[in-house]
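Chemist: Test case, fold it:
(2 chains)
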Amino acid sequence: MIAEHPVIQILIPLLGAPLCVLTGRGVLAYWLALACSLASLFVATRLLATVMATGPIVYELGGWAAPWGIEYRIGPLNSFVLLLVALLGAMVMLAAKKSVESEIPGDRRHFFYAAMLLCQTGLLGITITGDAFNVFVFLEIAALSSYVLIAMGHQRRALYASYQYLIMGTIGSTFILISIGLLYQMTGTLNMADLAARLPAVGDTRTVLVSFAFFMVGVSLKMALFPLHMWLPNAYTYAPSIVSAFLASTATKVAVYVMIRFLFSIYGPAFAFDRIGVSQILGSLALVGIVIMSAAAIFQNNVKRLLAYSSVAQIGYIVLGISFASENGLTGGIVHLFNHGLMKGALFLVVAAVVYRVGSSDLNAFRGLGRAMPVTMFLFVLGGLGMIGVPLTVGFISKWYLILAAIETGHWLAVALVLLSSLLAVIYVWRVVEFAYFQPRDRDSDPVGEAPLSMLVPTAILVLATIVFGINTEWTVGVARAAAVFLLGGHA
Amino acid sequence: MSNLHPALVFFAGALLVAMLRGRAQALVALLVPIVSAWSAFQLTAGTEITLSIFDYELMPFRVDRLSLLFNYLFHIAAFLALLFAWEAGDRLQRVSGLLYAGSALLAVFAGDLITLFVAWELLAVTSVFLIWARGTERANRSGMRYLIVQILSGVILLAGAILHLRETGSLAFNEIGIATLGGKLILLALGIKAAFPFLHSWLVDAYPEATPVGTVFLSSFTTKVAVYALARGFAGEPILVIVGGAMAAFPIFFAVIENDLRRVLGYSMINQIGFMVVGVGIGTDLALNGAVAHAFNDVLFKGVLMMSMGAVLYRVGHVNGSDLGGLYKSMPFTTVFCCVGAASISAFPLFSGFVSKSMVVAAVLHEHHIVVWMILLFASAGVFHHAGIKIPFFAFFSHDSGLRVKEAPKSMLFAMGIGAVLCIGIGCFPQFLYARLPWPVDYVPYTGTHVLTQMQILFFSALAFTWLKLTHLYPPELRAVHLDIDWLYRRALPATARGVAMVAERVRLFGAGLALSFVSGLQQAGRHHLGPDGIFGRTWATGSIAVWVAILLVIYLIFEYGA
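Modeler: Modelled structure (predicted):
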């Protein structure tokens, strides 16, 4: 059974999705989706444990050996990302029932859950596979299902946001496909390990250079790296709250994972960093993005939008860490990938709870919620402290490694800007706190109660995780460091 | 022998207090420092606990004589503040006060820079609620500014710590020095918390905006932790002598023209920290002992003064010097305690300020820093004016404002009373304090010269004050404010002092205006470019995003061919 875990990881949500559709309009679809998500989480924890105990797992799909068949190849990095996706998938699904009932019409809910499971399938598949073309296939599964999910937002603007995401996402996927096609042309293989072995011989050809450019631009679009982030704020703002929570904490992270994987284990650090010097482009885009997007978050009047801009800035942190291509930098980037997923998931779930109770994610809707929804808002404050990077939260751990790496490599500007952006984060988190705690509710507005327990518990679990992993870093940093060492050694 | 970290007791206590209400809440909060003291006072120097985290050897708990002294001090201060809060406190203030005191204890027992940094940020985050608890718009804004400055200090400390690690390979928090960039950054971070000149405005901005209870807490911990850290990391740095001298002198001018009496105390706090910083800068055993002893005493007498002003604020609703007066009739006990605090801060013999301040002054003279010594004398006289005379005089005596209020609540009186007794006790029996000082003490405060010098300053100041009062030059005219300086420097200085004060005020206003217009300009520009309608905030047309994709692709291609 354990030997089959890699494929089970994908099969659970993949088969769950059509079953959801078949169950029809009842509540059964929800429980099925929840069961699938929890099972998926269980498998992901087992996989990570196995990888950490016995080293990378290689699984040949259908028994076809590697260059001909598709292989799943699970090392420390992707088992870590798998866990993030499965964990957030499960937590978001736990919180989903009431929020979905209030935001999605009854006749579409089973489709909604099916699309959620498909989106999970796509994200898990991208992460688990060791085949470049397979990455593209799962990328499309994840993307198509997320267009559908975003379009289900109850405002009409959700349609436009989804359309824009569709155009941009398709351009991104196409670029990645072009890149994979060019690689195939030069090497005759799609297996990542094979690609890595054959690329150095043809590394100087124009085709490979162009494929690299297409890949970087495509993946930058997917992960919303500044300045290709413009599709993201609208998509996160107008999507149903549960979808925002899931996508914000996982989708862009998985895209970042794809970039790491291609940079380090296909093109290889020698090509990407030493030969082309991609650090310079990535590092400067990341830094500009961190500062401008943190500042932009300050001026938003919608909390979902505010968090969306902060996400773009936080992607900057992760990319900055990667751009150092050093052990500490990669460790910081990878651990922030995980940590930011936890924090953003928790914060978006808080917003989902507010939307459920108050009906809006406008800053004005947060007035007086410190009194009306004390637990929910307290969770927001804790999550917000993590975004700022206060010690004893995960945000601090990530920042510590990023700054360490920046100093080691002599990037003083990066040190200063990362520290500056912490202050910007204080301000944008404060804006929400100010409305929630220091502004009274309108008198004529209806009384508001605490969020339902089903939403509070998963949010609290995520917030608790941000604090536990902020104090005991052995596990997260240990895995991230193992992944970094592995990547710098040129393995998958 | 107990090895329990007192900060943990405070944190656990805060958790417990958060769950209680009413009298039980106040009682448990009050018990926390007592329970913690029971084990903390048994700690002995030499205890160390190390911990491996993040690949580094950390030492979150290190006990030595220096940290022990602050340990005693913070327990006393926390107890007094919570007693003071018996009536006027609420859950938010008690919980954040306990967390804040716990963070301060975490800081003084920190044996490495990371633990110190953690405590540093906790100090900021926990204490800001004491300002926000006031609930006014001004307090909210002021609290936010306070928080940003404190967090900034934290990130600078972190950057300094990491650099220090790179430069020396060690995270241990011992002698640091300013030879390296890391050391400079750490000093800057400490300087912000210690309210060095030009870095001080958060203190006088935020402290007077806090609640009555909040200011008592605030004035006890943040700056004293900074003094502690300076004494450990930067003892004997000559630059600190100059910085400290400036700190001791410049607030005098501001304190003179300030009407909010708690803000006056804020300035006088910077002035007192100046003495401590000079002591740290001199770096001899005598000077360092003087610095930390003065920190110890300052918490007590400044606490008493802040509590008395807090009591006035609690009963009257404001502490504007111009609108108070005659309160001694309604608040006789508060008046007496305030006068004890005032006598202590002015360093009257037999009061606590005398036995520690004179150590610093003697050490300065011993090292032949004549100019600094003169500045300190000037500062001593100045402090007698604005804290020793101005505070009690305007609040409790002066012309009768007609205010008739109730005496402060008993709990507040007890808190002030205990503080006042400690002030007199230490002043009369300094050996109890001296025995606990970290470095060997070989100093006798009550010699003829010390007492005579100090009495001359005080006596002539008082004489001049009386004379000016009788000739009706005081209080309507600011000139009289500088009568003590008058005695020191004949007549030249009053005009100069007023000039300096005016120029300084102009500069401050100009600076504030500049900063304000800069901030609002920034805000406007930000809203313009980053807000929902700005270039970075609005929804882009799909086509223009695609153009960016193309641009980035071209950049990559050019870059690759260039490489």
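Chemist: hey, let's count contacts and neighbours off CA atoms from now on
Modeler: OK.
Chemist: For residue B:65, give me its contacts.
Modeler: For residue B:65, the contacting residues are B:45, B:436, B:437, B:438, by C-alpha atoms under 8 Å, 6 or more residues apart in numbering or on different chains.
Chemist: Need those residues in a markdown table (columns: pLDDT).
Modeler: As requested, these are exported to a markdown table (pLDDT from 0 to 100):
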| residue | pLDDT |
| --- | --- |
| B:45 | 81 |
| B:436 | 87 |
| B:437 | 89 |
| B:438 | 88 |
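Chemist: so where's the chain shaky on pLDDT?
Modeler: Since you didn't name a chain, this refers to chain A. A:1-2, A:66, A:490-492 (pLDDT under 70).
Chemist: you looked at the wrong chain, it should be chain B
Modeler: By pLDDT under 70, the weakly predicted segments of chain B are B:1-2, B:53-55, B:464-465, B:468-469, B:472-501, B:504-516, B:518-519, B:532-533, B:535-538, B:563.
Chemist: what does it have sitting close to chain A?
Modeler: Residues of chain B found near chain A (C-alpha under 8 Å from any C-alpha of the partner chain) are B:53-54, B:118, B:121-122, B:135, B:140, B:148, B:151-152, B:155, B:159, B:162-163, B:166, B:526-527, B:530-532, B:536-537, B:539-540, B:542, B:545-546, B:548-549, B:552-553, B:556-557, B:559-560, B:563.
Chemist: Buried by neighbour count, from these: which ones?
Modeler: B:54, B:118, B:121-122, B:135, B:140, B:148, B:151-152, B:155, B:159, B:162-163, B:526-527, B:530-532, B:536-537, B:539, B:542, B:545, B:549, B:552-553, B:556-557, B:559-560 (16 or more other C-alpha atoms under 10 Å in any protein chain shown).
Chemist: Show me those that map onto helices.
Modeler: Among these, DSSP state H puts B:118, B:121-122, B:140, B:148, B:151-152, B:155, B:159, B:162-163, B:526-527, B:530, B:542, B:545, B:549, B:552-553, B:556-557, B:559-560 in helices.
Chemist: Which residue ranges of the stretch 51-200 of chain B form helices?
Modeler: Taking DSSP state H, counting those that start in this stretch as the test, the helices found in the stretch 51-200 of chain B are B:65-88, B:91-108, B:113-132, B:137-168, B:181-193.
Chemist: Can I get those in TSV including distance to residue B:288?
Modeler: Output for those, formatted as TSV (distance: least, C-alpha to C-alpha, whole Å):
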stretch	distance to residue B:288
helix B:65-88	10
helix B:91-108	16
helix B:113-132	21
helix B:137-168	23
helix B:181-193	17
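Chemist: out of these, nearest to residue B:257?
Modeler: helix B:137-168 (20.8 Å; C-alpha to C-alpha).
Chemist: Quick one: list the elements packing against the closest one.
Modeler: The contact analysis (3 or more C-alpha pairs under 8 Å, 6 or more residues apart in numbering or on different chains; DSSP states H and E) places helix B:137-168 against helix A:394-408, helix A:412-438, helix B:113-132, helix B:181-193, helix B:201-206.
Chemist: about what we covered before: between which two of the contacts of residue B:65 is the distance greatest?
Modeler: Using C-alpha to C-alpha, the pair of the contacts of residue B:65 lying farthest apart is B:45 and B:437, separated by 12.3 Å.
Chemist: who has more neighbours, the two?
Modeler: residue B:437 (21 against 13; other C-alpha atoms under 10 Å in any protein chain shown).
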